[in-house]
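Student: 3D, please:
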Amino acid sequence: MKASTSLQGRVISTVFCCTCLIGSVPAMAGLIGTTAILDPYYQETPEGEIWRLDEPLTAVVTEEIEFPCLNCLVDGFVEASIDVGDDYFESVFAGRARVGPGYKNFLELSFEASPPIEILSAELDPVTTLDVSPSNISIAGNKLIIDVSHGPLYDPGTILRINLSTQTVPEPSALLLIAVITPFCTYGFYRRNRR
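Tutor: Numbering: from 1, shown residues only. So this is what the prediction gives:
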């Protein structure tokens, strides 16, 4: 009876340790269900005033278009919509004009979720017709940053599509749990192998 109880204890502790480890490993994640935070940034000249929204625009990422009419939400903004899918960002332009050229003209889009996510890569999709290059796109943690300071022209139907890959970021509490549990599991396996 004692041997099976010991075996049961080992099996339970092994399953518990594996569950803790698997639960803390970063996993591929999509953007559906996250909160998208749109925060444009504009500065006409190096000495010029920095323009930002008083409050960034927010929307929960769903199958629908998150920001259907940017110029309806922000006076003076481009005629475009922004749609975020599980693994992409897409902006479709409606009017005919030029994105405001300037010293700095960035569109920052960050994603909040629980557990937090991190953008691993951002690549231009071949359907993109807006005059941007891979050097105009950068990522930083949960942020996608698009630089349109060169003032690209757009017509109705012009598309900017960026394919994204993301992963969840382990919560600090999960990492702490691993740090505490691992020595106990290691000691248990060590004792078993000494017998």
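Student: now do the helices in the protein.
Tutor: Ranges of helices within the chain are 2-24, 70-73, 172-194, based on DSSP state H.
Student: look at the closest residue to residue 62 other than its chain neighbours and report its pLDDT.
Tutor: Closest residue in space to residue 62, ignoring its immediate chain neighbours: residue 32 at 6.7 Å, by C-beta to C-beta, 6 or more residues apart in numbering. C-betas here are computed from N, CA, C, even on glycine. You'll see residue 32 listed with a pLDDT of 94.
Student: settle this for me: residue 32 is touching residue 66, isn't it.
Tutor: No - with contact defined as C-beta atoms under 8 Å, residue 32 does not count as touching residue 66 (10.9 Å).
Student: the two: which has the busier surroundings?
Tutor: residue 66 (20 against 14; other C-beta atoms under 10 Å).
Student: got a list of what that one touches?
Tutor: Going by C-beta atoms under 8 Å, 6 or more residues apart in numbering, residue 66 touches 36, 59, 60, 82, 83, 84.
Student: isn't the fifth one right up against residue 69?
Tutor: Just to be clear, that refers to residue 83. No - using C-beta under 8 Å, residue 83 is not in contact with residue 69, being 12.0 Å away.
Student: which one's more surrounded, those two?
Tutor: A count of neighbours by other C-beta under 10 Å puts residue 83 above the other of residue 83 and residue 69, at 18 against 14.
Student: highest neighbour count among the contacts of residue 66?
Tutor: For the contacts of residue 66, neighbours tallied by other C-beta under 10 Å; top is residue 84, 26 neighbours.
Student: and that residue, bridged to which residues?
Tutor: Taking DSSP bridges, one finds residue 89 as the beta-bridge partners of residue 84.
Student: that one and residue 44, how far apart?
Tutor: Going from residue 84 to residue 44 by C-beta to C-beta, to the nearest Å gives 28 Å.
Student: burial count for the closest residue to residue 169 other than its chain neighbours?
Tutor: Spatial nearest neighbour of residue 169, chain neighbours left out: residue 116 (4.5 Å); criterion: C-beta to C-beta, 6+ apart. Residue 116: 16 surrounding residues under other C-beta under 10 Å.
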